[in-house]
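**Student:** Sharing a sequence plus its predicted fold:
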Amino acid sequence: MLAVQQLEAGYGESVILRDVSLKVQPGQVVCLMGRNGVGKTTLMKSIMGLLKARKGTVLYGGQELTKAAPGRRARSGIGYVPQGREIFGQLTVYENIMVGLEASREKGVRSRSIPEEAIAKFPVLPTMYTRRGGDLSGGQQQQLAFARALASKPELLLLDEPCEGIQPSIVDDIRDVIRSIKADGKTSILLVEQSLDFVKSVGDYFYVLDKGAVAWEGGLEALGEEVIKKYLTV
Ligand SMILES: Nc1ncnc2c1ncn2[C@@H]1O[C@H](COP(=O)(O)OP(=O)(O)O)[C@@H](O)[C@H]1O
Ligand SMILES: [Mg+2]
């Protein structure tokens, strides 16, 4: 469904990703790991089109999207929950979710209301529609970021460190949301996450980035101490 092939990307003079190839198959939760600064967010931005690839290709559902603008990728069915959530603090909760609806593939959807799929997993959000996004707690903002991404009914959801800066009690809720999205069977997930316990509890397949490339990949049973020591501990 998603295939990134030999991707090179960076900022200005610096090359961050040299040769990254990875795949997400339908229905999978694929986890992307690696130490701080290794380029995980850079890869997410490159898949979303917020950063131009210098070499390589991004294929999605058989279409080549390597040069497509972020809006077209969103309309092709890719949803994005960015690192740090990036909620619009001055907009209301309702307006934040409507921003996600703009990316919908369905024609004429813009004038319509928020789809049930976006908020079904977050019953607290409709009770807060008139509040400003900036006034919500970290955990509530993360729910809002999920709802905003789900508003366009994505077939692939990119999640960049959704548990970062979130209270441990809410981390369990985020795990439940990811499992529930998977159980619905309509959306694949590419998840960047630092916590090994967390990725092991939701992931089907794992990639580790190091030195600008995929240094390791494999299934749950292969993700052992050796890999962790070599690529993930500081
Ligand atoms: N906008 C930017 N301009 C220049 N360098 C950046 C920018 N964003 C990130 N970097 C650099 O790119 C490298 C990879 O960053 P990032 O993709 O955020 O890593 P990760 O998400 O794995 O922690 C880091 O060295 C970081 O300093
Ligand atoms: Mg990051």
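**Tutor:** Looks like it came in fine. Ligands and ions are numbered 1, 2, ... in the order given.

**Student:** show me where the protein has helices.
**Tutor:** 40-48, 70-75, 93-101, 116-119, 138-150, 168-184, 196-202, 225-227 (DSSP state H).

**Student:** what's the closest of the ones you listed to ligand 2?
**Tutor:** Smallest distance to ligand 2 across the helices of the chain (CB to the ion): 3.2 Å, for helix 40-48. To be clear about C-beta, it is placed using only N, CA and C from the backbone, and glycine gets the same treatment.

**Student:** Not counting that closest one itself, show me its contacts.
**Tutor:** 2, 4, 7, 9-11, 16-17, 20, 32-34, 51-53, 58, 70, 73-74, 78, 80, 82-83, 158, 160-161, 190, 192, 209 (CB atoms under 8 Å, 6 or more residues apart in numbering).

**Student:** cool, and stretch 189-205?
**Tutor:** Against stretch 189-205 from outside (CB under 8 Å, 6+ apart): 2, 24-25, 28-33, 40-41, 44, 47, 83, 156-164, 171, 175, 178-179, 181-182, 206, 217-220, 223, 228, 232.

**Student:** which of those are close to ligand 2?
**Tutor:** Subset of the contacts of stretch 189-205 in contact with ligand 2: 40-41, 83, counting by CB under 5 Å from the ion.

**Student:** which one of those has the most neighbours?
**Tutor:** residue 40 (23 neighbours; other CB atoms under 10 Å).

**Student:** Can you get me a residue count around the nearest residue to that residue once chain neighbours are set aside?
**Tutor:** Spatial nearest neighbour of residue 40, excluding adjacent residues (CB to CB, 6 or more residues apart in numbering): residue 192 at 4.6 Å. Per other CB under 10 Å, the neighbour tally for residue 192 reads 23.

**Student:** Show the low-confidence segments of this protein, by residue range.
**Tutor:** 107-111 (pLDDT under 70).

**Student:** What residues does it have near ligand 2?
**Tutor:** Residues of the chain lying near ligand 2 (CB under 5 Å from the ion): 40-41, 83.

**Student:** so can I have TSV of the residues you listed showing distance to ligand 1?
**Tutor:** TSV is the format used below for the residues of the chain next to ligand 2 (distance: CB to the nearest ligand atom, whole Å):
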residue	distance to ligand 1
40	3
41	3
83	7
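
**Student:** for residue 19, what are its contacts?
**Tutor:** 6-8, 56, 212-213.

**Student:** Distance of it relative to residue 70?
**Tutor:** 23 Å (CB to CB, to the nearest Å).
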